[in-house]
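Peer 1: Build me a model from this:
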Amino acid sequence: MEKLPLGERPEPRTVGRGSFEAKAKTKREIIERFQDNLVSFTEEHIAELKAAERDKTDEQKEGIKVANEITNEILREFGLQEFDIPEQNVHFVSAEEWAKHPSVADVAMSTFPEKQLILAKGDYQPSARVSKALSLFHEMIHAKGHFSIDVDSDVKHGPYRSGLTTHATYKKVEKSGNAVWFDGLNEAVVAQIEMDYGNRVLTSNPFLKDQVEYLSSNEVQKMKHDHAKKRGIDPSEIEWIGRDGDDIEVFYASYPGQRRVLNYVVDQICADGDFASRDDVMKLFFAAHFRDSLLPLGRIVEKSFGKGSFEFLGTMDRESDSGSVGRVLDFLTKRRREMKKT
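Peer 2: Residues are numbered from 1 along each chain as shown. So this is what the prediction gives:
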């Protein structure tokens, strides 16, 4: 399957009660936003964004190129359509502009599937270069994940699935209220892909050569090992570490709790012996992020954890302090013990 020309992306899938015409219109809107993601903005918002936008550095431009290459390789492995996120769909903005958006205040970058853009905080210290490169790759994985839209009418539509994250349809909202499932699992899978390909993201970007050499030095490797031991974590959880006098600055890998749940589930499925390797099991979760159905993954999870376990896994959210990670892990651990007794 040949890669789509620059500026083209696969059509999003549509679901819901909307007419054929409404669904076709929604698909066209998404494609148009991919080709020009400011088309849905007002003139005032366009002016504000352009005033706040930072020119991309060569390092950032190369980061987009590398992320496209690696994510296309992943899509190709799963037999899916390759396409590039255009450079102009990634916007690095000033800290002042970033502060105007409370929903992204606590993150470095965010993907907006309906607008077909990635927004990034463009003002950062040199020590954050590695973390920013990995975050960009993370968001590109989100941007290329499966995307489907619930269309209720000509003017009423919203996301149904973005990656693994699944939203209640308008029909379901009317009966039982709004809900979101698999948001935590979605972030766990994307963060795990980021970790698995992270070294390649850095070494493939020639503008990060100094950072790769710095992180590979014996001094920094020891600093990373010592700090990880002190914190009781694996050194791989540290993306970058540096010392300024007595102070240590550290950037950590994202979503550690959610990844812990993901890896527990993968380990248990692998232990059942139906797959040749652990990697084969993890690839099932990776593939589900990009494919249009979660049912095959759900059947595999429930074979190892019992009926209803996949739905409960879907209740894990992305927040670090919500308690959902511990609750889901406890449930799955208990279920696993029960499954082994039968």
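Peer 1: Moving C-terminal from the helix or strand where Glu139 lies, which element do we reach first?
Peer 2: Element membership of Glu139, judged by DSSP states H and E, is helix 129-144. Using DSSP H and E, the helix or strand that follows helix 129-144 towards the C-terminus is strand 147-151.
Peer 1: and for that next one, what are the contacting residues?
Peer 2: Contacts with strand 147-151, where a contact means Cβ atoms under 8 Å, 6 or more residues apart in numbering, come from 12-18, 22-23, 26-27, 30, 113-114, 157-162, 167, 169-170, 292. C-beta: built from backbone N, CA, C; applies to glycine.
Peer 1: where exactly do the helices run in the chain?
Peer 2: Counting by DSSP state H, the chain has helices at residues 20-35, 43-52, 58-77, 95-98, 129-144, 170-176, 183-203, 209-216, 218-231, 256-271, 278-290, 295-305, 309-313, 324-341.
Peer 1: And the pLDDT for the residue nearest to Phe275 when sequence neighbours are not counted?
Peer 2: The shortest distance from Phe275 to any non-neighbouring residue, by Cβ to Cβ, 6 or more residues apart in numbering, is to Val281 (5.1 Å). Note on Val281: pLDDT of 98.
Peer 1: I'd say Gly122 and Val93 touch.
Peer 2: Yes: the pair Gly122 and Val93 passes the contact test of Cβ atoms under 8 Å, sitting 5.4 Å apart.
Peer 1: what do the two both touch?
Peer 2: 53-54.
Peer 1: Show me what the lowest-mean-pLDDT helix or strand in the chain is in contact with.
Peer 2: The helix or strand of the chain with the poorest confidence is helix 170-176; it has a mean of 82 (mean pLDDT, DSSP states H and E). Contact with helix 170-176 is made by 16-17, 150, 152, 156, 158, 168, 179, as judged by Cβ under 8 Å, 6+ apart.
Peer 1: what about 7 Å?
Peer 2: 16-17, 150, 152, 156 (Cβ atoms under 7 Å, 6 or more residues apart in numbering).
Peer 1: And stretch 26-39, by the same measure?
Peer 2: 7, 9, 11-12, 14, 40, 46, 89, 115-117, 149, 151, 157.
Peer 1: Give me the residue ranges of the stretch 201-342 of the chain where confidence is low.
Peer 2: 342 (pLDDT under 70).
Peer 1: hmm, try it at 90
Peer 2: Applying pLDDT under 90 to the stretch 201-342 of the chain flags residues 243-247, 320-322, 339-342.
Peer 1: Report the residue ranges of every domain in the chain.
Peer 2: Structural domains assigned to the chain are 13-192, 217-252, 256-341, following automatic domain parsing.
Peer 1: Mean neighbour count and distance to Thr203 added to those domains, as a markdown table?
Peer 2: Listed next are these as a markdown table, based on neighbours: other Cβ atoms under 10 Å; distance: least, Cβ to Cβ, whole Å:
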| stretch | mean neighbour count | distance to Thr203 |
| --- | --- | --- |
| domain 13-192 | 18 | 9 |
| domain 217-252 | 13 | 14 |
| domain 256-341 | 17 | 21 |
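Peer 1: In contact with the residue nearest to Ser110 when sequence neighbours are not counted: list those residues for me.
Peer 2: Spatial nearest neighbour of Ser110, chain neighbours left out: Val104 (4.5 Å); criterion: Cβ to Cβ, 6+ apart. Going by Cβ under 7 Å, 6+ apart, Val104 touches 98, 110, 119.
Peer 1: any idea how far His91 is from Val104?
Peer 2: Distance, Val104 to His91, by Cβ to Cβ, to the nearest Å: 12 Å.
Peer 1: Likewise for Phe251?
Peer 2: For Phe251 relative to His91 (Cβ to Cβ), the value is 22 Å.
Peer 1: for Gly308, same thing?
Peer 2: Counting by Cβ to Cβ, the gap from Gly308 to His91 is 42 Å.
Peer 1: From Met195, how far out is the residue nearest to Gly257 when sequence neighbours are not counted?
Peer 2: Residue nearest to Gly257 in three dimensions, not counting chain neighbours: Val325, with 3.8 Å by Cβ to Cβ, 6+ apart. Taking Cβ to Cβ as the measure, Val325 falls 17 Å from Met195.
Peer 1: same thing with Phe331?
Peer 2: 25 Å.
Peer 1: Equivalent analysis for Asp154, please.
Peer 2: 42 Å.
Peer 1: same question, Ile241
Peer 2: For Ile241 relative to Met195 (Cβ to Cβ), the value is 16 Å.
Peer 1: And for Gly314?
Peer 2: Distance from Gly314 to Met195, by Cβ to Cβ: 22 Å.
Peer 1: then stretch 70-89 to PDB, C-alphas only?
Peer 2: The C-alpha trace of stretch 70-89 is given here as PDB (Å, rounded to 0.1, in the frame of the first residue of the first chain):
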ATOM      1  CA  ILE A  70       8.600   5.800  12.400                       C
ATOM      2  CA  THR A  71       4.800   6.000  12.700                       C
ATOM      3  CA  ASN A  72       4.500   5.100   9.000                       C
ATOM      4  CA  GLU A  73       6.700   2.100   9.600                       C
ATOM      5  CA  ILE A  74       4.300   1.100  12.400                       C
ATOM      6  CA  LEU A  75       1.300   1.600  10.200                       C
ATOM      7  CA  ARG A  76       2.900  -0.500   7.400                       C
ATOM      8  CA  GLU A  77       3.600  -3.300   9.900                       C
ATOM      9  CA  PHE A  78      -0.100  -3.400  10.700                       C
ATOM     10  CA  GLY A  79      -1.100  -3.300   7.000                       C
ATOM     11  CA  LEU A  80      -2.600   0.200   7.300                       C
ATOM     12  CA  GLN A  81      -2.500   3.300   5.100                       C
ATOM     13  CA  GLU A  82       0.700   5.400   5.500                       C
ATOM     14  CA  PHE A  83       0.400   9.200   5.600                       C
ATOM     15  CA  ASP A  84       2.400  12.200   6.800                       C
ATOM     16  CA  ILE A  85       1.300  14.800   9.300                       C
ATOM     17  CA  PRO A  86       2.200  18.100   7.500                       C
ATOM     18  CA  GLU A  87       4.700  20.300   9.200                       C
ATOM     19  CA  GLN A  88       2.100  23.200   9.200                       C
ATOM     20  CA  ASN A  89      -0.300  21.100  11.300                       C
END
